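A.B. asks: Quick one, what's the 3D model for this:
(one chain, ligands or ions: 1)
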Amino acid sequence: MEHFDLVVIGSGPAGRRAAIQAAKLGKSVMVIERRQRVGGVSVHTGTIPSKTLRETVLNLSGWRERGFYGLSYRVKKDIEGKDLGARLNKTLDYEVEVLEHQFARNGVETMSGNARFRDDHHIVVTDLNGETQTISFDFAVIAVGTTPYRPGNIPFDDHTIVDSDSLVAEPRVPRSLTVVGAGVIGIEYATIFSALDVPVTLIEPRDTYLDFIDREIIEEFSHDLRKRGMTIRLGAKVDRVEKDAQGWAIAILTDGRQIRSDMLLYAAGRMGATMDLGLEACGVVPDERGRLKVDPATFQTEVRNIYAAGDVIGFPSLASTSMEQGRIAALHAFGASMPPAPEFFPYGIYAVPEISTVGLTEQQVRAQNIPYECGVARFRETSRGHIMGLQSGMMKMIVSLETRKLLGVHIVGEGATELIHIGQAVLNLGATLDYFVENTFNYPTLAEAYKIAALDAWNRMPRTKPIAPIVEEPEIQVTRRKARAGQAGA
Ligand SMILES: NC(=O)c1ccc[n+]([C@@H]2O[C@H](COP(=O)([O-])OP(=O)(O)OC[C@H]3O[C@@H](n4cnc5c(N)ncnc54)[C@H](O)[C@@H]3O)[C@@H](O)[C@H]2O)c1
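C.D. replies: Down below sits the predicted model:
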């Protein structure tokens, strides 16, 4: 029987980083992957395909040119499913190849098959032909990710009634789309198809959505979506879904209303893919959605030599944080020193337009009774935004009234997922809003929004004690908003 210092189940972002980190520490590592190709959900059905699809849509539809002084172009007429699929396959192949090289370079072994625990030190792997092999390990990392939640009252056929996996497996451009669930996945696909001029109805049972995002950013985002014709139905519950005689998907709401569309995407959450792991044999206990509980500092499960990382442990379920979790799990398992975790990480939602956020929201700052002030910049106030013809996009900055330190940055609009990293650096370095005021930025750039937002916040701050001088008024027009008290609870 072969023995490994570390066995990793799953080759997505968490699994691959755990494996490579352990290999770099000189350990023997086996990665077990049930798909035939490595990469996990992230490469095959999740992060990479959805972002590739988005990029394709933005390019083919001429989205980035729209609205520019009222002009509207479309680069390709009659965009079809095969147009969406072409770039997907190329990107996917490339990602798999890179990963295979990384494993090979680091001496990580891989095995294709279904892994099942025999006990807390042995795993049985069954390959496609039904052949089994048992391997033993000192440590294991469970990084199996999640699968779409598919309740019994939704008759999925993976063409008209789809989940996020089947949507990218064979992409098509529907005549109309209903999206059930305004979580990150639902929002990303709803806005991508809406950018193709597909009429989209988004249904969410709660009265709010994306609750972890600053409410002002969500208001701006919702306004943008409604302006371009998307129907957002909050507080609407789907009782069941049917297909009518003409093959349309019908979402029947609990109040009896019906929504008919050419395609329905059910995106009401995901389940930890732990069902077939035989966890009962090793002592790890999943919750009712198949997710695993871990110590948040070490990523150890209740069974000390078994770790879990990535989407299978729940929020934030980001590829970026999953990688870090996998790395920390491997470092901890082999007693290597662990770097202090940075306090703040960014969250990116690849909708059209993008949303990205780092640090505290205004709602969190208020709840924590921190005296604060906000500054806002609209992209159209920057020369770059104007040149690009951006009609929407905003940045909101939150700073401490007492220390002038940055507390949070929230962005909706073009480039948000890139721009956020300036805010992340300033936040993690504990710097004040003066950083933005005093440093020279490239001109023209959207990054100038940081300067405008910082000046806006600065202009609202009470002048009770001397604060760093602002030398001159910026040429760009600073957003004037209603002065707010800025005190917690105000
Ligand atoms: N860009 C990114 O970072 C990115 C992209 C995709 C997914 N993810 C992560 O993957 C995870 C899964 O995303 P998700 O969108 O599938 O799940 P989610 O849990 O984030 O959202 C599900 C949504 O469906 C709604 N819902 C729940 N039950 C429902 C029902 N019966 N009918 C209708 N709606 C219902 C919920 O209220 C929620 O708004 C999340 O943690 C997400 O953050 C991240």
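A.B. asks: now the helices: where do they sit in the stretch 51-200 of the chain?
C.D. replies: 81-106, 164-169, 184-194 (DSSP state H, counting those that start in this stretch).
A.B. asks: Of those helices, which stretch is the most buried?
C.D. replies: Neighbour counts averaged per stretch over those are highest for helix 184-194, at a mean of 24; criterion: mean count of other CB atoms under 10 Å. Yep, even glycine has a C-beta here, placed from its N, CA and C like the rest.
A.B. asks: Tell me the gap between stretch 266-273 and the middle of its chain.
C.D. replies: 14 Å (CA atoms, centre = their mean, to the nearest Å).
A.B. asks: can you check stretch 197-215 too?
C.D. replies: Between the centre of stretch 197-215 and the centre of its host chain there is 15 Å, according to CA atoms, centre = their mean.
A.B. asks: Next, see if that stretch gets close to the ligand.
C.D. replies: Yes. Remark: stretch 197-215 sits within contact range of the ligand at 204-206, 209, by CB under 6 Å from any ligand atom.
A.B. asks: Backbone torsions only: list them for G10.
C.D. replies: phi 110, psi 140 (degrees, to the nearest 10).
A.B. asks: Go ahead and confirm it touches G145.
C.D. replies: Yes. Between G10 and G145 a contact is recorded at 5.9 Å, counting by CB atoms under 8 Å.
A.B. asks: Next to the ligand, which bits of the chain? Give me the list.
C.D. replies: Taking CB under 6 Å from any ligand atom as the test, the list of the chain residues beside the ligand reads 180-186, 188, 204-206, 209, 238, 267-270, 315, 317-318, 348-350.
A.B. asks: and the longest strand seen in the chain, average pLDDT?
C.D. replies: In the chain, ranked by residue count with DSSP state E as the criterion, the top strand is strand 132-142. Strand 132-142 comes out with an average pLDDT of 98.
A.B. asks: Mind listing the strands that strand pairs with, and their directions?
C.D. replies: Under the criterion DSSP bridges, strand 132-142 sits next to strand 2-9 (parallel), strand 122-126 (antiparallel), strand 306-308 (parallel) in its sheet.
A.B. asks: Would you mind giving the helices of the stretch 51-200 of the chain as CSV with mean pLDDT added?
C.D. replies: As requested, those are arranged in CSV below (pLDDT from 0 to 100):
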stretch, mean pLDDT
helix 81-106, 94
helix 164-169, 95
helix 184-194, 97
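A.B. asks: Could you dump these into JSON lines with distance to D127 added?
C.D. replies: Listed next are the helices of the stretch 51-200 of the chain as JSON lines, based on distance: least, CB to CB, whole Å:
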{"stretch": "helix 81-106", "distance to D127": "18"}
{"stretch": "helix 164-169", "distance to D127": "22"}
{"stretch": "helix 184-194", "distance to D127": "31"}
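A.B. asks: how many neighbours does the residue of the chain found nearest the ligand have?
C.D. replies: Of the chain, the residue with the smallest distance to the ligand, taken as CB to the nearest ligand atom, is G183 at 1.8 Å. For G183, the number of neighbouring residues by other CB atoms under 10 Å comes to 17.
A.B. asks: Quick check: it touching F315?
C.D. replies: No. Contact between G183 and F315 fails when scored by CB under 8 Å: they sit 11.2 Å apart.
A.B. asks: what is in contact with the two at once?
C.D. replies: Common contacts of G183 and F315 (CB atoms under 8 Å, 6 or more residues apart in numbering): none found.
A.B. asks: looking just at contacts, which helices and strands does the helix or strand of the chain with the lowest mean pLDDT meet?
C.D. replies: Taking mean pLDDT, DSSP states H and E as the measure, helix 383-388 is the helix or strand of the chain with the lowest mean score, a mean of 91. Counting by 3 or more CB pairs under 8 Å, 6 or more residues apart in numbering; DSSP states H and E, the packing neighbours recorded for helix 383-388 are helix 448-460.
A.B. asks: Pull out the buried positions in the helix it packs on.
C.D. replies: 448-458, 460 (16 or more other CB atoms under 10 Å).
A.B. asks: Repeat that for stretch 312-319.
C.D. replies: Residues 312-314, 317-319 are the ones in stretch 312-319 that count as buried (16+ other CB under 10 Å).
A.B. asks: State the distance from the residue nearest to D127 when sequence neighbours are not counted to R35.
C.D. replies: Excluding its sequence neighbours, the residue lying closest to D127 (CB to CB, 6 or more residues apart in numbering) is G113, at 4.0 Å. The span separating G113 from R35 equals 10 Å under the rule CB to CB, to the nearest Å.
A.B. asks: Comparing those two, which shows the higher neighbour count?
C.D. replies: Relative neighbour count places G113 above the other of G113 and R35, with 19 against 15, counting by other CB under 10 Å.
A.B. asks: Confirm for me that the more buried one is in contact with V31.
C.D. replies: No. Taking CB under 8 Å as the definition, G113 is not a contact partner of V31, at 11.2 Å.
A.B. asks: related to what we said a few turns ago, what's the overlap in contacts for G113 and R35?
C.D. replies: Common neighbours of G113 and R35 (CB under 8 Å, 6+ apart) do not exist.
A.B. asks: which ones among the buried residues of stretch 312-319 are found in strands?
C.D. replies: Within the buried residues of stretch 312-319, membership in strands is found for no residue, as judged by DSSP E.
A.B. asks: Please produce a markdown table containing the residues you listed, extended by pLDDT.
C.D. replies: Written out in a markdown table, the entries for those read as follows (pLDDT from 0 to 100):
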| residue | pLDDT |
| --- | --- |
| V312 | 98 |
| I313 | 98 |
| G314 | 96 |
| S317 | 93 |
| L318 | 94 |
| A319 | 95 |
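A.B. asks: Show me which pair in those residues is furthest apart.
C.D. replies: Pairwise distances across those peak at 14.6 Å for G314 and A319 (criterion: CB to CB).
A.B. asks: Pull the contacting residues for I250.
C.D. replies: By CB under 8 Å, 6+ apart, the neighbours of I250 are 241-244, 258-260.
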